[in-house]
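# Could you work out the structure for the sequence below:
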Amino acid sequence: MAIVRKNSNLHLALIRLRRNRLALLGLAVLFVLVFTAVFADFIAPYDYAEQDLLESFEPPSRAHWFGTDEFGRDILSRVIYGGRISLQVGIVAVALALFIGGMLGAAAGYYGGRVDEVVMRVMDILISVPRILLSIAIAAVLGPGMLNLMIAIAIAATPAFARVIRGAVLSIIGNEYVEAARCMGATDTWIIVRHILPNCMGSIIVLTTLDVATAILAASSLSFLGLGIQPPYPEWGAMLSAARGYLRDDAYMTVFPGLAIMITIMSLNFLGDGLRDAFDPKQKR
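The predicted structure is shown next:
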């Protein structure tokens, strides 16, 4: 039995996605990044915390491809391990925001009335504050650390998911199959989970992919400000923050973490744009 039915919406979306070279490039780069993050223990040439003060500030060489930092730690190894932390923070934070925002948005769109008013007014208050400022405020209250960083980014990302999923629910709730499920005695939870949310997957997938990029950038920004991952754990934003004092004489210390952030964000944006075009009804033939 085929996993994806031929000529289904998902099948046609996958065909359109395969024709988008930038999206495929982004997917390939992300696969490499995830692979190196998962198997960092075997791929990294050195331990991320191993210090050798005799080799500090060593420029890129055969022994250390990305050079060493002020403590003689191998920058390549720290970039590889930093990818594990950055991807973990981005994926977990967005998954948490998707769960909370999805439930709130689905409830607001499905029940309407007072529930919709209360939920969306709270979301309007949160979304009125720039996301990075809201993340900074929450992280400052909770304190530094990976868990608090994920919570801060997830709370700041929740309103976007709630608004998008609420709009998708409002466009689906009047369809015949929803009314048929009600007539057959299905519960509200069953209707939302089984009939409504699966038909919002296109919007959810696109928003999730693009939001992971935003979450990784926010995590790097907070770590750069000292509100995220703390030493000695490697994180790209924290590595940039530690290296900014040596920018004039040892610029390579900032180049490679910065490139890692840029490549990851670009890959996620390429994939997100490709998914958006693939699931766009205007692209259907």
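
# Could you list the buried residues of the helix or strand harbouring Ser86?
Ser86 belongs to helix 75-111 when elements are defined using DSSP states H and E. Neighbour counts over helix 75-111 (16 or more other CB atoms under 10 Å) mark 75-87, 89-94, 96-98, 100-110 as buried. To be clear about C-beta, it is placed using only N, CA and C from the backbone, and glycine gets the same treatment.

# same question, stretch 134-149
Buried residues in stretch 134-149 (16+ other CB under 10 Å): 134-136, 138-139, 144, 146, 148-149.

# ditto for stretch 50-57
51, 55, 57.

# residues in contact with the first one?
Spelled out, that is Gln51. Residues in contact with Gln51, defined by CB atoms under 8 Å, 6 or more residues apart in numbering, are 71-73.

# what about it, distance to Val115?
Per CB to CB, to the nearest Å, Gln51 is found 56 Å from Val115.

# For the stretch 51-200 of the chain, just list every one of the helices.
Along the stretch 51-200 of the chain, the segments classed as helices by DSSP state H, counting those that start in this stretch run 75-111, 113-127, 131-142, 146-172, 176-183, 188-190.

# CSV please, covering the ones you listed and showing distance to Ala44 and mean pLDDT.
Formatted as CSV, the helices of the stretch 51-200 of the chain follow (distance: least, CB to CB, whole Å; pLDDT from 0 to 100):
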stretch, distance to Ala44, mean pLDDT
helix 75-111, 4, 89
helix 113-127, 39, 89
helix 131-142, 28, 88
helix 146-172, 19, 88
helix 176-183, 51, 76
helix 188-190, 45, 75
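
# So which of the ones you listed is nearest Arg276?
In terms of CB to CB, the element of those nearest to Arg276 is helix 146-172, at 12.0 Å.

# for the closest one, which positions count as buried?
Those would be 146, 148-166, 168-169, 172, for helix 146-172 by 16+ other CB under 10 Å.

# Excluding chain neighbours, what is closest to Leu98?
Spatial nearest neighbour of Leu98, excluding adjacent residues (CB to CB, 6 or more residues apart in numbering): Phe161 at 5.4 Å.

# Next, the contact list for that neighbour, please.
Contacts of Phe161 (CB under 8 Å, 6+ apart): 97-98, 100-102, 105, 204, 207, 211.

# so how far is Thr189 from it?
Separation of Phe161 from Thr189 (CB to CB): 19 Å.

# And for Val212?
Taken as CB to CB, the span from Val212 to Thr189 is 27 Å.

# Let me know the pLDDT of Ala28.
Note on Ala28: pLDDT of 93.

# residues contacting it?
Contacts of Ala28 (CB under 8 Å, 6+ apart): none.

# these two touch, right, Leu170 and Ala106?
No - Leu170 is beyond contact range of Ala106, at 10.4 Å (criterion: CB atoms under 8 Å).

# which SSE is the most centrally placed residue in the chain in?
By CA atoms, centre = their mean, the chain has its centre lying nearest to Val212, at 1.3 Å. Per DSSP H and E, Val212 falls inside helix 201-224.
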